[in-house]
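Chemist: Let me see the structure of the following:
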Amino acid sequence: MSAQNKPQAFEVNNAEGRAYWGMGILWIMLATAEDTNGEYSCIEELLSHGSAAPPHIHEAADETFYILEGEATFFVDDKPIKATAGSFVSIPRGTKHAFQIDSETARLLNTYVPAGFEYTIMATTVPAQTRTLPPASLPFPNREQSNQALEQVTQQYPAAKTNFLEGFRK
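Modeler: I've put the predicted structure just below:
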């Protein structure tokens, strides 16, 4: 990596990071491909009880979760892993996985190596008005519009390619 492509040190507070609402989740972008020269991304998420990511695979990115608050069950190749505050869960690329939130709410850090998946979130959600869970009346993303946005995102960021949204209701 040349000096001009080297990621620069930076700081972002979760009160300052770009925040989005979608799929019943508050997503706060702490580090994106823009910040890290595409090497990794980091997203803080706030989820409510019952929130879940359907089974999916990230073919080109490793994913990790660090549980800050609450409890979740991860399903890695269909095997359950209980995770509580302080737990770290690593999902290698190409691994089928899903999760559900077991506590009233959960707050976690979610990373991707390399970066890119964060643009999937930004393309299929709306800017958050507050740093809270989204209102229950917020609709799920329109599948056709989301698919068009995802095609554009994955052209620029191949690591964003996943079947993540396929399991969410219309």
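Chemist: and Arg169, what pLDDT?
Modeler: Here, the pLDDT recorded for Arg169 equals 38.
Chemist: And for Thr64?
Modeler: Thr64 is given a pLDDT of 98.
Chemist: For the helix or strand harbouring Phe74, name the packing helices and strands.
Modeler: Element membership of Phe74 [criterion: DSSP states H and E] is strand 71-76. With contacts taken as 3 or more Cβ pairs under 8 Å, 6 or more residues apart in numbering; DSSP states H and E, strand 71-76 sits against strand 79-84, strand 88-91, strand 97-101, strand 105-113. (Each C-beta comes from the backbone N, C-alpha and C, glycine too.)
Chemist: List the buried residues of it.
Modeler: Residues of strand 71-76 classed as buried by neighbour count (16 or more other Cβ atoms under 10 Å): Glu71, Ala72, Phe74, Phe75, Val76.
Chemist: which of these sit farthest apart?
Modeler: Glu71 and Val76 (16.3 Å; Cβ to Cβ).
Chemist: residue contacts, the nearest residue to Leu30 once chain neighbours are set aside?
Modeler: Sequence neighbours aside, Cys42 is the residue nearest to Leu30 in space, at 4.4 Å (criterion: Cβ to Cβ, 6 or more residues apart in numbering). With contact set as Cβ atoms under 8 Å, 6 or more residues apart in numbering, Cys42 has these partners: Leu30, Ala31, Leu109, Asn110, Thr111.
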